[in-house]
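Q: what follows is a predicted protein model with its sequence.
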Amino acid sequence: MNISESGVLLQGTMEAEAGQEVALEFKIADVDATLNVKGRIARKEGNDRFGVEFMGLAPEDKNAIQLYVMGRMMDLTRERDLSSVGVRKPFHP
């Protein structure tokens with residue numbers, strides 16, 4: 001669902017509890033990288049979401065994540081076409 005340099009938020013089913021160590025394998029297609037990392041479940045949200053904190057990332061894995069995150073941030077800073085967005089009226093109580 002979401003990734004940062006320190007961890008990842010995942011959605012799905014997994015029989016694990018907070019504090020348990022896990023091994024993850026995933027691809028970041030945008031930077032053409034396959035990562036095999038270790039992590040620790042930092043939190044669980046309901047039955048299908050959990051946050052995993054990365055542990056001891058290899059330099060190449062850390063670099064791939066940084067490139068991905070920086071690319072996503074560049075997408076957010078691009079100018080957008082807002083011509084179809086309605087004009088809001090100021091709120092005056």
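A: Sure thing, it's come through.

Q: from the contact counts, what lies against the lengthiest strand in the chain?
A: In the chain, taking DSSP state E as the definition, the longest strand is strand 33-45. If you count contacts as 3 or more CB pairs under 8 Å, 6 or more residues apart in numbering; DSSP states H and E, strand 33-45 packs onto strand 7-11, strand 21-28, strand 49-55, helix 59-77. (C-beta placed from N, C-alpha, C; glycine too.)

Q: so which bits of the first one are buried?
A: By neighbour count, and taking 16 or more other CB atoms under 10 Å as the criterion, the buried residues in strand 7-11 are 7-8, 10.

Q: circling back to that earlier point, list of residues touching the longest strand of the chain?
A: Residues outside strand 33-45 that contact it (CB atoms under 8 Å, 6 or more residues apart in numbering): 7-8, 16-28, 50-58, 60-61, 64-65.

Q: let's go with 6 Å and repeat that
A: When contacts are defined by CB atoms under 6 Å, 6 or more residues apart in numbering, strand 33-45 is touched by residues 16, 18, 20-27, 50-55, 61, 64.

Q: tell me how far it lies from the chain's centre.
A: Centroid separation between strand 33-45 and its chain, computed with CA atoms, centre = their mean, to the nearest Å, is 10 Å.

Q: ok, that strand: who's next to it in the sheet?
A: strand 21-28 (antiparallel), strand 49-55 (antiparallel) (DSSP bridges).

Q: and E21, what does it touch?
A: R40.

Q: before we move on, back to that, which of the strands paired with strand 33-45 is buried the deepest?
A: Ranked by mean neighbour count, the strands paired with strand 33-45 are led by strand 49-55 with a mean of 18 (mean count of other CB atoms under 10 Å).

Q: can you tell me how far the spatially most central residue of the chain sits from A58?
A: The C-alpha lying nearest the average C-alpha coordinate of the chain belongs to I3 (CA atoms, centre = their mean; 1.5 Å). Distance of I3 to A58, computed by CB to CB, to the nearest Å: 16 Å.
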